[in-house]
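K.L.:
everything below, folded, please.
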Amino acid sequence: MPAANPKRIDPASLNLKEHVISINRVTKVVKGGKNLSFAALVVVGDPGSKVVGFGTGKAREVPAAIKKGIESAKRRLRKVHVTEHTILHPVLGRFGSGEVLLKPAPAGTGVIAGGPVRAVMQAAGVPNVLTKSIGSHNPHNVIRATFAALEQLRDKQQVADLRGIAVEKVG
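P.N.:
As a prediction, the model looks like this:
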């Protein structure tokens, strides 16, 4: 179960890298003709501090939409609980009809993922992980399902506190 209101992360103190996932051209038909605009889906993250976020931006020009998406993503930064080389346990994230399965992988495996999931894993600084995207291939649903899965990850200290045992006894 994800945290209800996680602590806000300051983007100024991080070395953030941006990655544009998709740019969608949108037309609105009005009385005088067609109004053209662009929607951008962007992922930002700091692999060193294991922080990642995503955002969307809409504007009449592509660079402005990307800039708005980056600003939106910086407001939604989340900390990811991982070990030095992979995630701690398998998780399944769901959003809409999209599902993303994340599984730990041994060192040297790399990021086995496609499209939006790969961008999120690399931005989060997860060097070895196995993923499977199930259901919807819509980039928005896939990214939200990936973030739902990442929010389910717990570190050993959280599990030990929930169980009321020492950290060394958590397997």
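K.L.:
how distant is the worst-scoring helix or strand of the chain on mean pLDDT from the center of its chain?
P.N.:
When the helices and strands of the chain are scored by mean pLDDT, DSSP states H and E, helix 156-163 comes last with a mean of 82. On the basis of Cα atoms, centre = their mean, to the nearest Å, helix 156-163 sits 24 Å off its chain's mean C-alpha point.
K.L.:
which positions within that helix qualify as buried?
P.N.:
Going by neighbour count (16 or more other Cβ atoms under 10 Å), the buried part of helix 156-163 is 159, 160. Every residue, glycine included, has its C-beta placed from N, CA and C.
K.L.:
mind exporting that helix as CSV, just the C-alpha atoms?
P.N.:
Only the C-alpha atoms of helix 156-163 are listed here, as CSV (Å, rounded to 0.1, in the frame of the first residue of the first chain):
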residue,chain,number,x,y,z
LYS,A,156,14.1,-3.9,5.1
GLN,A,157,13.8,-1.3,7.9
GLN,A,158,10.1,-0.7,7.0
VAL,A,159,9.3,-4.4,7.0
ALA,A,160,11.1,-5.0,10.3
ASP,A,161,9.1,-2.1,11.9
LEU,A,162,5.8,-3.6,10.6
ARG,A,163,6.6,-7.0,12.0
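K.L.:
so which residues make contact with it?
P.N.:
81, 88, 166, 167, 169, 170 (Cβ atoms under 8 Å, 6 or more residues apart in numbering).
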